[in-house]
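[1] could you look at this predicted model? Sequence included:
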Amino acid sequence: MNRFLLVKLAAVVLFLAITISVWAYSAPNTNMSASLVPKDPTSGALVYANNCARCHGDDGEGDKGPAINTPAKQKKFRANSQGLIRKISNGGGKMPAFRTRLTPAEIRSVANFVKTL
Ligand code: HEC
């Protein structure tokens, strides 16, 4: 009986050790990625400059990606913000998906910025 108790105790201790080490290991990672986030994460202009300008140009004039500052595109984006957010989140074609690289707030703010190009 006592031996079973010991085994159970060992299992609990092992579980706690794993949980704590996983937590301890992931905590610095969280801090590290937080320091990579721009100071004002809701600044759409900054998010755009850091993530989009290399393909769509500083002013949305296009480069590797299509121009997104033309009147026709602007009209489309303003009429369908959800579609714009979906495109940024999911990418498609040669456009990378940003849902794993940006927070939902950053995606919303960069979408708002895109509509001002
Ligand atoms: C690696 C290059 C690349 C990067 C980085 C990139 N895009 Fe794109 N983007 C593209 C390409 C290529 C397309 C066209 C894809 C297609 O045919 O669907 C596109 C399409 C789009 C469209 C749809 C345009 C249309 O015609 O309706 C929007 C909006 C857009 N990108 C916004 C963004 C935003 C905002 C970012 C930054 C968060 C970004 N892109 C980052 C390459 C890129």
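    Received the coordinates, thanks.

[2] residue ranges in the protein under the pLDDT threshold?
    The model of the chain has pLDDT under 70 over residues 1, 9-10, 12-42.

[3] could you pull out the helices for it?
    2-36, 44-51, 53-56, 71-79, 81-90, 104-114 (DSSP state H).

[4] quick check: phi and psi on the residue nearest in space to the middle of the chain?
    In the chain, the C-alpha nearest the mean C-alpha coordinate belongs to residue 102, at 1.7 Å (CA atoms, centre = their mean). When read as degrees, to the nearest 10, the backbone of residue 102 gives phi -120, psi 150.

[5] residue 50 is in contact with that one, correct?
    No: Residue 102 is beyond contact range of residue 50, at 9.5 Å (criterion: CB atoms under 8 Å). For glycine as for every other residue, the C-beta is placed from the backbone atoms N, C-alpha and C.

[6] so the spatially closest residue to residue 113 that is not a sequence neighbour versus the ligand, what's the distance?
    Leaving aside its chain neighbours, residue 113 sits nearest to residue 44 (2.9 Å; criterion: CB to CB, 6 or more residues apart in numbering). Relative to the ligand, residue 44 is positioned 9 Å away (CB to the nearest ligand atom, to the nearest Å).

[7] residue 78 versus the residue nearest to the centre of the chain, what's the distance?
    21 Å (CB to CB, to the nearest Å).

[8] now do residue 105
    Per CB to CB, residue 105 is found 20 Å from residue 78.

[9] and the chain, which of its residues are near the ligand?
    By the rule CB under 6 Å from any ligand atom, the part of the chain lying against the ligand is 51-52, 54-56, 64-66, 68, 73, 84, 87-88, 92-96, 98, 110, 114.

[10] switch to 8 Å and redo it
    Counting by CB under 8 Å from any ligand atom, the residues of the chain close to the ligand are 47-48, 51-52, 54-56, 64-66, 68, 73, 76-77, 84, 87-88, 91-96, 98, 101-102, 107, 110-111, 113-114.

[11] from the ligand, how far off is the closest residue in space to residue 49 that isn't next to it in sequence?
    Distances taken as CB to CB, 6+ apart place residue 58 nearest to residue 49, at 7.4 Å, with adjacent residues excluded. Applying CB to the nearest ligand atom, the value for residue 58 to the ligand is 12 Å.
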